[in-house]
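Asks: okay, predicted coordinates and the sequence, questions at the end:
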Amino acid sequence: MYKKQYPIKMKIKYEDNLYSYYETSIYSKDPRFAYVFLITLNSGESFFYSELGLSKEYDFRLFYLTSFRLPYINKNDIVFDNKSFIGSVFYQIFPERFYNGTGKKDYINREWNSLDLKGSMKNRRQDVFLGGDLKGVISKLDYLKKIGIDVVYLTPICTSQSNHKYDVENYFEIDKMFGKDEDLFNLTDEIHKRGMKIVLDLVFNHSSSKNEMFLDVIKNGKKSKYYDFYNIHGNKPTEFPLNYDTFGTVPEMPKLNSNNFNENDYFVDVGKYFITKFDIDGYRLDVANEVSHTFWQRFKYELRRIKPNIILIGENWNNASSYLHANEFESVMNYPFMLSCKDYYVNNTIDSKQFADRLNGLLTRYPDGNDRMMLNLLDSHDTERFYNYIKPNKDLYLLAVLTLISYIGWPMIYYGDEIFMEGGIDPDNRRGMNWDSQEFKKKYFDLFSKIVNLRKNNLFKEGDISIHSTNGLFYIERFIGNNKITVVIKNSKNNLKYIVSKDIILSNNYENNTLKGYSFIVY
């Protein structure tokens, strides 16, 4: 085995401000694999790199002991790009604020277009209601399909007293504000008829203090079968003084104990319920990095047995390497991507080269399979709307949207982004969708839709990526073999001569071979 070596040259795949990252692809019928590196400097001097570290010489007779080894590559341990979601565009809907498809409701306490959205007790209680529901989502599916959406992602829809429903009272019941089981059946069916998919938000880090399980603990203390479902420091939970763990510092959201196996059983059943009963395609998992690895491993195993193509997207705002495995969730909401875009397009604290370095660096965090399933975003129900930072410069905003659509992963649009909705921090970022907006009739809405629909091109869906900067311009190239699409972005006010000899697919502020202020070309 040591008498013959098979050298394969590696090439630079990504570069950031610190490193060049080399990569190669190796195809082998044998699932066992061993290797060492031979590093040749520009001077011609060479070094071997093995389990022993760097050395000038390497004894291949000891290869079986000192090489890097993959003893056996098991398919179930590999994170593959989910083919049923490949390159999909997500659309996040906050159901209470999207559309009222039912009409007058007794609980509505604000006009649809109201900007007075702060709840009582200085917004501690999210008790402002505009009346959006599941029938409203159903009525807008053709619209979503038209603007290029592949996946509808709904924030929580289970029974809760709040408008956001992240404090769940009953995990096995659709909130009556949103509709009935029949409405979710119809929604899922209509989504699937259009070749789209649906993802629901599940909350396993905490429940509502009104949840029947927590109420049972309040009543029965340590005698309750749900006592160990929570982290309670005393016989019974009390708010004054607070003697139980919570989400943040919110007493109304007691933290669940994901280290308890009976609790695990309960929430695995929740995940199974929406798949088997309603044919849900995936889940976004709230505060996923505060839930135990053992739970996610169990959850993934049980769900994949009944729906092999299920997707699980964690809410992890930072580096999520420890969770992104084949036996946990494969994707997270990619907030570092959002922050990089904010620094480049809003704060102007980094230049084009640094922006390219940042985005390349993010792609080196995780394996390729995970990168292709990152839920990339510019904003969400938890952040200020991106357009709010740079209004009224729609040209600049479209540069960020084009970056989102061009980058590897799953781009996510927050409802209303396509009509340049404004909104500060919570709850202002959760305004009612402005269906009367004049933007629907203007060129920028059309441009937004055309940018999103670039994802219908297979190069944007499945292609490899190259990100770099030249002469102050920012480039993203997507390619498969010799077929390539180039995206050129100019994030500045000045004019710049730029000649394109290829067919232009889409552009903005590009005329007479000149890139004008905040312009782009896709060719």
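Replies: Good, I have the coordinates.
Asks: taking the centroid of this protein, which residue is nearest it?
Replies: Leu375 (2.1 Å; Cα atoms, centre = their mean).
Asks: ok, what's across the strand from it?
Replies: Met333, Trp410 (DSSP bridges).
Asks: distance check, Phe37 against Leu65.
Replies: 16 Å (Cβ to Cβ, to the nearest Å). Glycine gets a C-beta too; all of them are placed from N, C-alpha and C.
Asks: my bad, Glu23
Replies: 26 Å.
Asks: hmm, Ser406 is touching Phe460, no?
Replies: Yes: under the criterion of Cβ atoms under 8 Å, Ser406 makes contact with Phe460 at 6.7 Å.
Asks: and Tyr49, which of the three is it?
Replies: Taking DSSP: H, G, I helix; E, B strand; the rest coil as the rule, one finds Tyr49 in the strand state.
Asks: how far does stretch 281-294 sit from its chain's centre?
Replies: Offset of stretch 281-294 from its chain centre (Cα atoms, centre = their mean, to the nearest Å): 12 Å.
Asks: ditto for stretch 80-93
Replies: Worked out by Cα atoms, centre = their mean, stretch 80-93 lies 10 Å from the chain centre.
Asks: what mean pLDDT does that stretch get?
Replies: Stretch 80-93 shows a mean pLDDT of 95.
Asks: what residues sit buried inside that stretch?
Replies: Under the neighbour-count criterion of 16 or more other Cβ atoms under 10 Å, stretch 80-93 has Asp81, Asn82, Phe85, Gly87, Ser88, Val89, Phe90, Tyr91, Gln92, Ile93 buried.
Asks: between those residues, which is nearest Ile280?
Replies: Distance to Ile280 across those (Cβ to Cβ) is lowest for Phe85, with 13.2 Å.
Asks: isn't the closest one right up against Met374?
Replies: No: the pair Phe85 and Met374 does not pass the contact test of Cβ under 8 Å, sitting 11.8 Å apart.
Asks: now the common contact residues for the two.
Replies: Shared contacts of Phe85 and Met374, defined by Cβ atoms under 8 Å, 6 or more residues apart in numbering, comprise Trp410.
Asks: just the CA coordinates for stretch 80-96, please, in CSV.
Replies: The C-alpha coordinates for stretch 80-96 follow below in CSV (Å, rounded to 0.1, in the frame of the first residue of the first chain):
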residue,chain,number,x,y,z
PHE,A,80,-25.5,16.3,1.5
ASP,A,81,-27.2,19.3,-0.2
ASN,A,82,-30.9,18.5,0.1
LYS,A,83,-31.9,18.0,-3.5
SER,A,84,-35.6,18.7,-2.9
PHE,A,85,-34.7,22.2,-1.7
ILE,A,86,-31.7,22.9,-3.9
GLY,A,87,-31.1,26.6,-4.4
SER,A,88,-34.6,27.5,-3.1
VAL,A,89,-35.8,31.0,-2.3
PHE,A,90,-37.5,31.3,1.1
TYR,A,91,-40.2,33.8,2.1
GLN,A,92,-40.7,34.4,5.8
ILE,A,93,-44.2,35.3,6.8
PHE,A,94,-45.3,36.6,10.2
PRO,A,95,-48.9,35.2,9.8
GLU,A,96,-50.6,37.8,12.1
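Asks: how far does it sit from the chain's center?
Replies: Distance of stretch 80-96 from the chain centroid (Cα atoms, centre = their mean) equals 8 Å.
Asks: could you do stretch 20-28 as well?
Replies: Using Cα atoms, centre = their mean, the offset of stretch 20-28 from its chain centre is 26 Å.
Asks: buried residues, it. List them.
Replies: Buried, per 16+ other Cβ under 10 Å, within stretch 20-28: nothing.
Asks: which is the next helix or strand following the helix or strand bottoming out on mean pLDDT in the chain?
Replies: In the chain, the helix or strand scored least confidently by mean pLDDT, DSSP states H and E is helix 120-123, which has a mean of 88. Moving toward the C-terminus from helix 120-123, the next helix or strand (DSSP states H and E) is helix 134-139.
Asks: so which elements touch that following helix?
Replies: On a contact count with 3 or more Cβ pairs under 8 Å, 6 or more residues apart in numbering; DSSP states H and E, helix 134-139 meets helix 181-193.
Asks: one more time with 10 Å
Replies: strand 90-93, strand 151-154, helix 181-193 (3 or more Cβ pairs under 10 Å, 6 or more residues apart in numbering; DSSP states H and E).
Asks: so how far is it off the chain centroid?
Replies: 23 Å.
Asks: pull the residues that contact that helix.
Replies: 93, 95-103, 133, 144, 152, 154, 157, 174-175, 177-180, 182-191, 198, 415, 433, 435 (Cβ atoms under 10 Å, 6 or more residues apart in numbering).
Asks: try 7 Å
Replies: Helix 134-139 has contacts (Cβ atoms under 7 Å, 6 or more residues apart in numbering) with 93, 95, 98-102, 152, 178-179, 183-184, 186-187, 190.
Asks: in that helix, what counts as buried?
Replies: Leu134, Lys135, Gly136, Val137, Ile138.
Asks: go through the residues you listed and name the one nearest Lys342.
Replies: Taking the buried residues of helix 134-139 together and measuring to Lys342 by Cβ to Cβ, the closest member is Val137, at 29.0 Å.
Asks: per-residue confidence for that closest one?
Replies: 98.
Asks: got it, and Tyr2?
Replies: pLDDT, Tyr2: 58.
Asks: from what I see, the residue nearest to the centre of the chain and Phe90 are in contact.
Replies: Yes: under the criterion of Cβ atoms under 7 Å, Leu375 makes contact with Phe90 at 6.4 Å.
Asks: can I get the helix or strand harbouring Ile485 as CSV, trimmed to CA atoms?
Replies: Using DSSP H and E, Ile485 maps to strand 483-490. Only the C-alpha atoms of strand 483-490 are listed here, as CSV (Å, rounded to 0.1, in the frame of the first residue of the first chain):
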residue,chain,number,x,y,z
ASN,A,483,-20.7,27.7,-18.1
LYS,A,484,-20.6,30.9,-16.0
ILE,A,485,-22.7,33.9,-14.9
THR,A,486,-20.9,37.0,-13.6
VAL,A,487,-22.5,39.5,-11.2
VAL,A,488,-20.8,42.9,-11.0
ILE,A,489,-21.7,45.3,-8.2
LYS,A,490,-20.6,48.9,-7.9
